[in-house]
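Chemist: sequence first, then the predicted structure:
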Amino acid sequence: MAVLNIVVLNPLADRHKEVIKAAEPNVNIIVSDEKTVLEHMPECHILVTWGWAEAQHLYQAAPHLEWIHALSAGVEKLLFPEIQTADTLLTNSKGIHSIPVSEHLLAMMLAFSRGLTLSIRQQNAKTWERVPTDELHEHILAIIGLGAIGREIAKKAKALGMTVLASKQEMTTELFVDKLYLPDSDSLQEMLAQADYAVVALPLTENTKNLIGLKQFTIMKPSAYFFNIARGGIVNEADLVTALEQKLIRGAGLDVFTHEPLPESSPLWTMPNVIITPHVAALSPAYLDRAIKLFADNLTRFIQGRDMINLVDKGKGY
Ligand SMILES: NC(=O)C1=CN([C@@H]2O[C@H](COP(=O)(O)OP(=O)(O)OC[C@H]3O[C@@H](n4cnc5c(N)ncnc54)[C@H](O)[C@@H]3O)[C@@H](O)[C@H]2O)C=CC1
Ligand SMILES: O=C(O)C(=O)COP(=O)(O)O
């Protein structure tokens, strides 16, 4: 078999290259940056990049491209028109983010419930004053989008004594969910109306764009907290600002935004009841090790002609 050229649009350590080579020695790994990537495209068979990176121009310059692998779970920028109809395979890295993202969400939920947001502000001002505190125990968490990340969130929330509601595309038996909902709008409203904490863990697709807006915030309890660790575009950000200003909800923990970096002009920056993190929920020192292991497993499957894992359904968009 001819050597396969794999272009990776991200820095790799030697140990990552070794993992790929151990899976398949007969490959040429080209680690590229944005500046030089186009010149590698004419010979590229497999492109490894990020799902939020522009890749249409790379695809157009790569006549031998057979497979695009996303180092992220989200693939919204990789679903450009040509790839929709082409045989080019598209895979993602869903499954590798569950641990850091669920820990990140819990950190934000606990920061609100234990009054840490207020305590940290008081510490900065050297103020000693008891802050309101609460427990997650026996509170209700709604997970909008029970995939790899949502499931790990559910497991950890149950360990903390929470009641877990969740929505997903199809009904399945779920060990850590008290009530499962389908994704229709009435079910979403029913779930949100009960939630003390609600988190968006969905992919951004045609169906989920702006899924959460004023209608959904209006039905939530004024004491509820809202979180988005998925994609900014799933939530109408102007409506979220209105909901926070009008106290339709009590606070929000946000890792993702409609425009990233979040513009300086956004009112979210200065709201006392908002936690902003700069799209880091998935990051940990283990990220690339996990992502490359998953890619290497799939490379073996690709070469042996076996079923690949994490194939993106281009029609559904995730
Ligand atoms: N903040 C960050 O750094 C990260 C963000 N993400 C985002 O989170 C998303 C989810 O990641 P995973 O859980 O790994 O993906 P996944 O593909 O395992 O889960 C997605 C789930 O959403 C469900 N779903 C799809 N449309 C729905 C709808 N309209 N209503 C209810 N459920 C619906 C599907 O049934 C599926 O179970 C990714 O697509 C990505 O955009 C993922 C990793 C890190
Ligand atoms: O997997 C995803 O979709 C992510 O957002 C994680 O990747 P990132 O945190 O953007 O490096």
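Modeler: Done, it's in. Numbers count the residues shown, from 1 in each chain. Ligands and ions are numbered 1, 2, ... in the order given.
Chemist: what residues does this protein have near ligand 2?
Modeler: 51, 72-74, 97, 279, 282-283 (C-beta under 6 Å from any ligand atom). C-beta here means a position set from N, CA and C on the backbone, and glycine is covered the same way.
Chemist: near ligand 1 too, which of these?
Modeler: The subset of the residues of the chain next to ligand 2 within reach of ligand 1, by C-beta under 6 Å from any ligand atom, is 73-74, 97, 279, 282.
Chemist: which residues touch Thr91?
Modeler: 67-70, 298, 308-312 (C-beta atoms under 8 Å, 6 or more residues apart in numbering).
Chemist: which one of the residues of the chain next to ligand 2 sits closest to Thr117?
Modeler: Taking C-beta to C-beta as the measure, Thr117 lies nearest His279 of those, at 19.5 Å.
Chemist: which SS class is Ala166?
Modeler: On the three-state scheme (DSSP: H, G, I helix; E, B strand; the rest coil), Ala166 is labelled strand.
Chemist: before we move on, what about Ile20?
Modeler: Of the three states, Ile20 takes helix according to three-state DSSP.
Chemist: the nearest residue to it once chain neighbours are set aside sits in which helix or strand?
Modeler: Distance criterion C-beta to C-beta, 6 or more residues apart in numbering; nearest residue to Ile20, sequence neighbours excluded, is Ala296 at 5.1 Å. Using DSSP states H and E, Ala296 falls within helix 287-304.
Chemist: same question, Ile30
Modeler: Ile30 belongs to strand 27-31, assigned by DSSP H and E.
Chemist: ok, the closest residue to Asn92 other than its chain neighbours - contacts?
Modeler: In space, and not counting its chain neighbours, Asn92 is closest to Ala70: 4.4 Å by C-beta to C-beta, 6+ apart. Going by C-beta under 8 Å, 6+ apart, Ala70 touches 49-51, 78, 90-93, 312.
Chemist: same thing but 7 Å
Modeler: Residues near Ala70 by C-beta atoms under 7 Å, 6 or more residues apart in numbering: 49-51, 78, 91-93.
Chemist: repeat for Leu204
Modeler: Contacts for Leu204 were tallied using C-beta under 7 Å, 6+ apart; they are 74, 76, 231, 233-234.
Chemist: go with 6 Å
Modeler: Neighbouring residues of Leu204 by C-beta atoms under 6 Å, 6 or more residues apart in numbering: 76, 231, 233-234.
Chemist: need the max-distance pair from these.
Modeler: Across these (C-beta to C-beta), the longest gap, 10.5 Å, separates Glu76 and Ile234.
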